[in-house]
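J.: just to be clear, the model below is a prediction. Sequence and coordinates:
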Amino acid sequence: MKFPSSTSTNGHLLNRAVLVLNANYSPMMICTAKRAICMGYLDKIDVLANYTDQVHSPSITLSLPSVIKIRDYIRYDNLSVDLNRKNVMARDENICQYCNTSKAPLTIDHVIPKGRGGMDTWENLVAACKPCNQKKSDRTPEEAGMVLNKIPKRPNRLHYFQRFVKDQQKDWRPYLFMEPFKIN
C-alpha cells in the first residue's frame, strides 16, 4: 500500500511520531506513522489513539495513529537509554552545564577527566561549550573553580518519551505517567 505525499505545517504526515506500547501497555519506543500503518496492515497492533489527520490512498482513507499497542508481548528493556553524544545532549537540553549557554557549539565534557580515571558514564558526561571545556581542561570542576548546574544522572526512557509530548500528543500523556487515565 503506497500513500501519496501529504504535508502539514509540521512536515510529512507519515513521519509523525507514534508512541508504541508493549502488550502490557508499557512504553517501548517511538516510531513513524508510516511504520505504525504498516504494522496495522499486518495486524500486529491495536490502535489506541489517532491524530485528527488522515492519509489517503486511491482506495482507502486511514486516520493517522498516535498511540499503538503491540499485540504480542515482547521482552524489552524499556527503561534504558543508550549512552551516546546525541542522548547526552538531549538529557542536558543542549545547554552548557557550566555557564547555561545554548548559543555556542557544544562538546561533551568528562566531569572527572579520563586521564584521572573518569569513565564514559551518564554520571560523568555533560554538555559543555568549548570555552568552558577549555577552561576546565584536565581538572575537576572544583579544581577549575566551576560549578555544574545540575548533577548528571542516567535518564530513563520515560523522561525521553515525555520530551516528545506536545499539544498533538496529548493522548500519550496517560501512558507516560504524566496524567491519570480518564475513566468514562
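T.: It's in.
J.: please make it C-alpha for all contacts and neighbour counts, starting now.
T.: Fine.
J.: show me where the chain has its helices.
T.: Applying DSSP state H to the chain gives helices spanning 33-41, 85-91, 130-136, 157-162.
J.: make JSON lines out of those and add mean pLDDT, distance to residue 106 and mean neighbour count.
T.: Formatted as JSON lines, the helices of the chain follow (pLDDT from 0 to 100; distance: least, Cα to Cα, whole Å; neighbours: other Cα atoms under 10 Å):
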{"stretch": "helix 33-41", "mean pLDDT": "96", "distance to residue 106": "32", "mean neighbour count": "18"}
{"stretch": "helix 85-91", "mean pLDDT": "92", "distance to residue 106": "8", "mean neighbour count": "17"}
{"stretch": "helix 130-136", "mean pLDDT": "96", "distance to residue 106": "6", "mean neighbour count": "17"}
{"stretch": "helix 157-162", "mean pLDDT": "81", "distance to residue 106": "20", "mean neighbour count": "17"}
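J.: could you chop this protein up by domain?
T.: As assigned by automatic domain parsing, the chain contains the domains 7-78+157-176, 81-155.
J.: residue ranges in the protein under the pLDDT threshold?
T.: Across the chain, the ranges flagged by pLDDT under 70 are 1-11, 77-78, 183-184.
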